[in-house]
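Undergrad: Structure for the following, please:
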Amino acid sequence: MAGGPARIFNIFALIELMLLLLLCTHKSFCVSTTNYKSSIQADKKADVLLPYTSPTASPQPFLPLLAPSPLTPFTNSTIPQLSGLCVLNFTSLTNMLTVTSTDCMAAFAPLLANVVCCPQVEATLVILIGQSSKYTNTLSLNGTTATHCLSDFEQILVGQGANDSLSKICSVHSSNLTEGSCPVSDVSEFESTVDSSSLLAACEKIDIVNECCQQICQNAILEASRKLAQKAYNLLTFGETHALSDHSSRINDCKSVVLRWLASKLEPSRAKEVLRGLSNCGINKVCPLKFPNLDRVIKGCGGGISNRTECCGSLESYVSHLQRQSFVTNLQALNCAALLGVKLRRANITENVYSQCRVSLKDFSLQVGAQESGCLLPSLPSDVVFDRTTGVSFVCDLNDNIPAPWPASSQLPPSSCNKTAVKIPALPAVASGQTSFDSSDMNLFLYLTVLAALSILI
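TA: Residues are numbered from 1 along each chain as shown. The predicted structure is shown next:
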């Protein structure tokens, strides 16, 4: 899946953009303008937002990912209409709310939801409740107040340019702001129930690189959550299976209370670092992509890859649909490659089709840039940055061209903590000091501008 030479921006690209925008103002969808390269690609449906892209194994580095000033009009602030019934002090976290609205900018929120937007939304809500507990002495909101506060929270973010469907995108509900089934939310009762000094010592300065494997803070949170949940009843007195299920759900609710307490003891910036770091441990364990039917790939690659062109064509077509879903981190891409490989092995495709077809980890993420290169987000937490002069930017790794590893068996491999064969950097490599784009990267600028425009038009 090798890429071609870099394309240079010229007047034809500008004309193409103008025609595309005109079409979008009259239609509810946009058709890809990319020429189809083969009969295999000819039957692909045009994506409603993204231009047609294909995987590549030879991208050009580009860091950071930039979308210049034409996006500025889409981020104008408006005055939110607040309920006046929320006890949370939004003013104290003005800067964090600005970061959250930028991380969830309307055009990009669905594409960055799993890695950037939703983790930041969740962390901000935890910190808001945690900080307010200093004055309310409670680590949760009641149902009515939670409804008002969540509505106000969304209004503030949307007023600063965030997507107006964050509740749906991030699956955030007003119940997430309450204590749920956790029996303890009072600060004094919390601190008399758990070993608060040990909890704070374990989590106030986590090592965000090693915490996911060492789980020092995570274990302390789990232990505190169990102690809180145990106050509801003595688990040993229950023999039914539903009691265990209920206890597990209660522990999860108590984890939210524990995180809020931690957020009350740390400075907001430190609390954000801890919460985003813990969140990324869960994010990097899974593959967020949805895998459609594999029949075409199985047919093309079955029988010992008798027809390499057919096999690689069908695999390329399949992966091109995967990569349109969202941006993923480098560790998520590793999980996605493993999951797809296991599915193929279980379908009796035992030969390494990744190697035969030159599939790399970047083929599992959204494709960007003049070389249609997969953009892998770093495995460590990161934010989107908006500047009125340079526009929108976020860290995007286009340098490390790591081949997708083929699974050794039809079973999923162990967690990333045990993956020593594939070395993946926690942060992207520097692209030879490149911090902006030149003419060969203008296609990326065009794509991001069209994407933002479409979010307004459709």
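Undergrad: where does residue 208 land on pLDDT?
TA: Listed pLDDT for residue 208 reads 89.
Undergrad: So what's the residue count around it?
TA: Residues near residue 208, counting by other Cβ atoms under 10 Å, number 19. Just so you know, the C-beta spots here come from the backbone N, C-alpha and C atoms, and that holds for glycine as well.
Undergrad: any chance you could read off phi and psi for it?
TA: Phi and psi for residue 208, reported as degrees, to the nearest 10, are phi -70, psi -10.
Undergrad: so who does it touch?
TA: Neighbouring residues of residue 208 by Cβ atoms under 8 Å, 6 or more residues apart in numbering: 273, 277, 280, 380-381.
Undergrad: for residue 299, same thing?
TA: Counted by Cβ under 8 Å, 6+ apart, residue 299 has contacts residue 314.
Undergrad: just the contacts of residue 208 now: which is nearest residue 171?
TA: Using Cβ to Cβ, residue 280 comes nearest to residue 171 of these, at 17.7 Å.
Undergrad: Next, the contact list for that closest one, please.
TA: 119, 208, 212, 329, 379-381.
Undergrad: Which member of the contacts of residue 208 is positioned nearest residue 417?
TA: Of those, the one sitting nearest to residue 417 (Cβ to Cβ) turns out to be residue 280, at 13.5 Å.
Undergrad: Does that closest one belong to a helix, a strand or coil?
TA: helix (DSSP: H, G, I helix; E, B strand; the rest coil).
Undergrad: coming back round to it: now intersect the contacts of residue 280 with the helices, please.
TA: 119, 212 (DSSP state H).
Undergrad: Tell me the buried residues in the stretch of helix or strand residue 315 belongs to?
TA: Residue 315 is located in helix 308-322, with elements delineated by DSSP states H and E. Neighbour-count burial for helix 308-322 flags 311-320, 322 (criterion: 16 or more other Cβ atoms under 10 Å).
Undergrad: And the strands in the stretch 251-400 of the chain, which stretches?
TA: 328-329, 367-368, 373-374, 376-377, 385-387, 391-394 (DSSP state E, counting those that start in this stretch).
Undergrad: Neighbouring strands - and their directions - for the fifth one?
TA: In this case it means strand 385-387. Here strand 385-387 has these sheet partners by DSSP bridges: strand 391-394 (antiparallel).
Undergrad: For the partner strand, give the mean pLDDT please.
TA: 81.
Undergrad: for stretch 156-164, same thing?
TA: pLDDT averaged over stretch 156-164 gives 94.
Undergrad: contacts for that stretch?
TA: In contact with stretch 156-164 (Cβ under 8 Å, 6+ apart) are residues 74-80, 82, 90, 97-98, 100-102, 104-106, 109-110, 117, 121, 154, 166, 169.
Undergrad: Out of those residues, which sit inside strands?
TA: With strands defined by DSSP state E, no entry of these lies inside them.
Undergrad: Stretch 402-409: end-to-end distance?
TA: End-to-end span of stretch 402-409 (Cα to Cα, to the nearest Å): 20 Å.
Undergrad: Report the buried residues of it.
TA: 402-407.
Undergrad: next one: stretch 282-290
TA: Buried-residue list, stretch 282-290, by 16+ other Cβ under 10 Å: 283-284, 287-289.
Undergrad: could the buried residues of stretch 402-409 be laid out in TSV, adding distance to residue 188?
TA: Output for the buried residues of stretch 402-409, formatted as TSV (distance: Cβ to Cβ, whole Å):
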residue	distance to residue 188
402	51
403	56
404	53
405	52
406	56
407	52
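Undergrad: TSV for those, including secondary structure?
TA: Converted to TSV, these look like this (three-state DSSP):
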residue	secondary structure
402	coil
403	strand
404	coil
405	coil
406	coil
407	coil
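Undergrad: any idea which of these is least confident?
TA: Within the buried residues of stretch 402-409, residue 402 has the lowest pLDDT, namely 88.
Undergrad: right, and it touches residue 360 too?
TA: Yes. Shown here, residue 402 and residue 360 form a contact pair, counting by Cβ atoms under 8 Å, at 6.1 Å.
Undergrad: I'd like the mean pLDDT over the helix holding residue 315, please.
TA: Mean predicted lDDT for helix 308-322 stands at 92.
Undergrad: Can I get it as PDB, trimmed to CA atoms?
TA: Taking Å, rounded to 0.1, in the frame of the first residue of the first chain, the C-alpha atoms of helix 308-322 are listed here in PDB:
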ATOM      1  CA  ARG A 308      -2.100 -11.300  -4.600                       C
ATOM      2  CA  THR A 309      -3.700  -8.400  -6.600                       C
ATOM      3  CA  GLU A 310      -7.200  -9.500  -5.700                       C
ATOM      4  CA  CYS A 311      -6.300 -10.100  -2.000                       C
ATOM      5  CA  CYS A 312      -4.500  -6.800  -1.500                       C
ATOM      6  CA  GLY A 313      -7.200  -4.900  -3.400                       C
ATOM      7  CA  SER A 314      -9.900  -6.300  -1.200                       C
ATOM      8  CA  LEU A 315      -7.900  -5.600   1.900                       C
ATOM      9  CA  GLU A 316      -7.100  -2.100   0.800                       C
ATOM     10  CA  SER A 317     -10.800  -1.400   0.200                       C
ATOM     11  CA  TYR A 318     -11.700  -2.800   3.600                       C
ATOM     12  CA  VAL A 319      -9.100  -0.800   5.500                       C
ATOM     13  CA  SER A 320     -10.000   2.400   3.600                       C
ATOM     14  CA  HIS A 321     -13.400   2.100   5.200                       C
ATOM     15  CA  LEU A 322     -12.000   1.600   8.700                       C
END
